[in-house]
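Enquirer: I would like the atomic coordinates for the input below:
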Amino acid sequence: GVLAMYSLAVALALVAAVAGQQLSIQNQQKFPISPLLYSAFFESEINYGSEGGLYAELIANRDFETLGRGLIPSVESVASGADAPYHAGEGAGLDPHEPPANPQDFRPWSAINGATITTDTSTQPFPTNPTVLKVVSNCKAPSCAAGVHNPGYWGIAARTGMGYNLTFYAKVDAGTVRVQARLVSSSGQPLTVGPQIALTGDWALYSVAITATATDSAAVFELITNDDGTFWLDSVSLFPADAVAGLFRKDIFDQISAMKPGFVRVPGGNYLEGNGPRTRWNWKNTIGARQARPGHYNSAWGYWVTDGMGLYELLMLTEALGSQAQMGIYTGYSMGQQYIPLDQSQVFAQDAVDLVEYANGDQSSKWGSQRAAAGHPQPFGLSRLEVGNEEALMGPNDYPGHYRLITQAVWQAYPNISITASGRWGPSIDGSPCLTGQKCDLWDDHYYRTPDQMAGMGGQYDGYNRSWPDVFVGEFAANVGNHPTLGAAVAEAIFMLGFEANGDKVKASSFAPLLRNVAGTQWNYDLINFNSSQLFTLPSHSMQIMLREALNENLLTSSLTGTDSSTKATAGVSGNKLNIKIAHYSSTPLTLNVTIDGLNVGTQGQYALLTSSQGAEAANSLDRPANVATEYGTLTSGATFLVKVPAWSVQTIAVTMICDAC
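Expert: Down below sits the predicted model:
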């Protein structure tokens, strides 16, 4: 009798709780949801996200032009953004925070087994890359194996059976010098097999394939000879044979691809602006033969880049992802500086027009012909630009004037291009071109907050002025305090559900930053984190994939009662699916009574659930990459059904609608 009375009491309590915690869904469509709502922002050079990351090149300082400027991969490592060096610029003609070149610095290259190496600018295959490496073997024994050594970006990943494609330019002073390329382990054991290469005469391109016979995540590259002679090297490049499109590291690419981004904003960000005209991203210096690109110092984040991940490669990336690019346009503003005067800024408007021609122009056009020569005769179909980044100066001749100059030129040449403006990110927006009569298709809002703060921002756009532009929330993260945890992911989910709830104005969003090499960190808290051979993603990555998989075509009217702001839910339809999304930022689980009015739905639904028994602080790491992972399963559904909502969780539920034409 006591047990029966207890069971009845528990049941009644559950009924009472459920009655007070309810998600009611009506068959009333509020507005369409943008298919671009879940997009991505790839600041292509922060945290060695491209060179040393997604861009699959394995040789650091392949063109010998780094010359000691900034962080040197494998020589220095930075695991925390707080420890990242920030170099003061010195000397005439340098941008702020741009260090001078050291003409004798060829790091991370080094000589091995008695060879002597020096930089040389008296000869080169490409005048735009004047520095090459001179190697004197000093071989006096038949098996001296003298030459050069490169440890890559904090190690090169050798994998048994993997092929590697090596290209390099070389010349010799006389006769023939036979060299062999190989990967070796940290203890000096050979890990690859490959043929000897005979170097003769003046500058020439050499290509060879090598294959790994063992696995080592910290391998180094060597180019060795048993001949006594002198040779010069330039543009030494090694790519794994499984690189996507021959360009992109496969495991990192796959993680981005899983997000199915509506578009990808590239290349930045602060990287776009630099600290001055020498260190900004200038797309015209990033196209053409990769061996001939001059490269530049990335003053925004403190390291040299070869510009291997140039405009062409970024367009190739978005195409390979089945997505599209939103290309950043430099306005004449660099960080901490004044705008370049308007009467000197016509070049930036022309650069924007030329960029679209490069992406979309006919093969007979000046810039379209260069794209075709790079290997892509068909247009990329670029349809989106973003003018500037986090613009703060709103005087008539500052951002508003430069925005007008650029957009007028672009729209005159390409009237159908969508242009996003710099939006709200902290400073006053008084005087913004978007509020003073200029056309802005969208503007770009940025938010970096603590998890607790972001968990309270589910209604951020509820009171948004509907006469203002449509919104791209182009940078957001619950990163303040650096807690890359499940709790932060749930906070970000609440914020993101607010985008959907205000989908009449919020049209796109993207987390930032996207990529981080854990040995070359300038910014903590990044979505995809990796070393030479492994990676892990934040719980937020799984959460964002869940929301993207449940992308709605139309939002339905719904109401959540009996809960506070720590819980947010939305409902919508896509085809014949009713999608429900729930985020719960609390240590107390709850049970929701879901009621569906006006829709005939099936009796079984599918759910995706992100949570952990370890609580809000559960996190992933290189050692435990799947510690926080999405669980998939089925549940009983119908016009009324119960949903268990665990503590610290994000959940999506898909229920099939039964109808003649959904």
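Enquirer: Give me the below-cutoff pLDDT ranges for the chain.
Expert: 1-19, 82-91, 660-662 (pLDDT under 70).
Enquirer: Going by residue numbers, what spans are helices in it?
Expert: 2-20, 250-257, 270-273, 311-320, 346-360, 366-374, 399-413, 451-455, 486-501, 539-549 (DSSP state H).
Enquirer: Can you point out the buried residues in the shortest one?
Expert: Within helix 270-273, the residues that count as buried by 16 or more other C-beta atoms under 10 Å are 270-273. Quick note: C-beta positions are derived from backbone N, CA and C, even for glycine.
Enquirer: quick revisit: just name the most buried of the helices of the chain.
Expert: The highest mean neighbour count among these, using mean count of other C-beta atoms under 10 Å, belongs to helix 486-501: a mean of 27.
Enquirer: Measure how that one sits relative to helix 539-549, angle-wise.
Expert: 30 degrees (axes from the mean of the first three to the mean of the last three C-alpha atoms, to 10 degrees).
Enquirer: hey, C-alpha coordinates of helix 486-501 in CSV?
Expert: The C-alpha coordinates for helix 486-501 follow below in CSV (Å, rounded to 0.1, in the frame of the first residue of the first chain):
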residue,chain,number,x,y,z
LEU,A,486,29.2,21.9,-23.3
GLY,A,487,27.8,24.7,-21.2
ALA,A,488,29.1,27.3,-23.7
ALA,A,489,27.6,25.3,-26.6
VAL,A,490,24.2,25.4,-24.9
ALA,A,491,24.5,29.1,-24.4
GLU,A,492,25.4,29.6,-28.0
ALA,A,493,22.4,27.4,-29.0
ILE,A,494,20.0,29.6,-27.1
PHE,A,495,21.4,32.7,-28.9
MET,A,496,21.1,30.9,-32.2
LEU,A,497,17.5,29.8,-31.7
GLY,A,498,16.9,33.5,-31.2
PHE,A,499,18.1,34.0,-34.8
GLU,A,500,15.5,31.6,-36.0
ALA,A,501,12.8,33.1,-33.9
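Enquirer: tell me what it is packed against?
Expert: Here helix 486-501 touches helix 451-455, strand 470-477, strand 506-509, helix 539-549, strand 567-574, strand 577-584, strand 649-657, going by 3 or more C-beta pairs under 8 Å, 6 or more residues apart in numbering; DSSP states H and E.
Enquirer: could those go into TSV alongside distance to Pro377?
Expert: TSV is the format used below for the helices and strands packed on helix 486-501 (distance: least, C-beta to C-beta, whole Å):
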stretch	distance to Pro377
helix 451-455	45
strand 470-477	31
strand 506-509	30
helix 539-549	32
strand 567-574	36
strand 577-584	39
strand 649-657	41
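Enquirer: of all the ones you listed, which lies closest to Ser44?
Expert: Set against Ser44 and scored by C-beta to C-beta, the helices and strands packed on helix 486-501 come closest in strand 470-477, at 14.4 Å.
Enquirer: Give me the sheet partners of the closest one and which way each runs.
Expert: Here strand 470-477 has these sheet partners by DSSP bridges: strand 442-448 (parallel), strand 506-509 (parallel).
Enquirer: Out of the ones you listed, which is the most enclosed?
Expert: strand 506-509 (a mean of 25).
Enquirer: distance between that one and the chain's centre?
Expert: Strand 506-509 has its C-alpha centroid displaced from the chain centroid by 18 Å (C-alpha atoms, centre = their mean, to the nearest Å).
Enquirer: Which residues outside it are in contact with it?
Expert: 34, 36-39, 262-263, 442, 461, 470-474, 476, 496, 498-500 (C-beta atoms under 8 Å, 6 or more residues apart in numbering).
Enquirer: Could you rerun that using 7 Å?
Expert: For strand 506-509, contacts defined as C-beta atoms under 7 Å, 6 or more residues apart in numbering pick out 34, 36-39, 262-263, 442, 461, 470-473, 476, 496, 499.
Enquirer: CA atoms only for it - export them in PDB, please.
Expert: Coordinates of each C-alpha in strand 506-509 appear next as PDB, following Å, rounded to 0.1, in the frame of the first residue of the first chain:
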ATOM      1  CA  VAL A 506      18.200  37.600 -39.100                       C
ATOM      2  CA  LYS A 507      19.200  36.000 -42.400                       C
ATOM      3  CA  ALA A 508      22.700  34.400 -41.700                       C
ATOM      4  CA  SER A 509      25.100  33.600 -38.900                       C
END
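Enquirer: I'm done for today, thanks for sticking with me.
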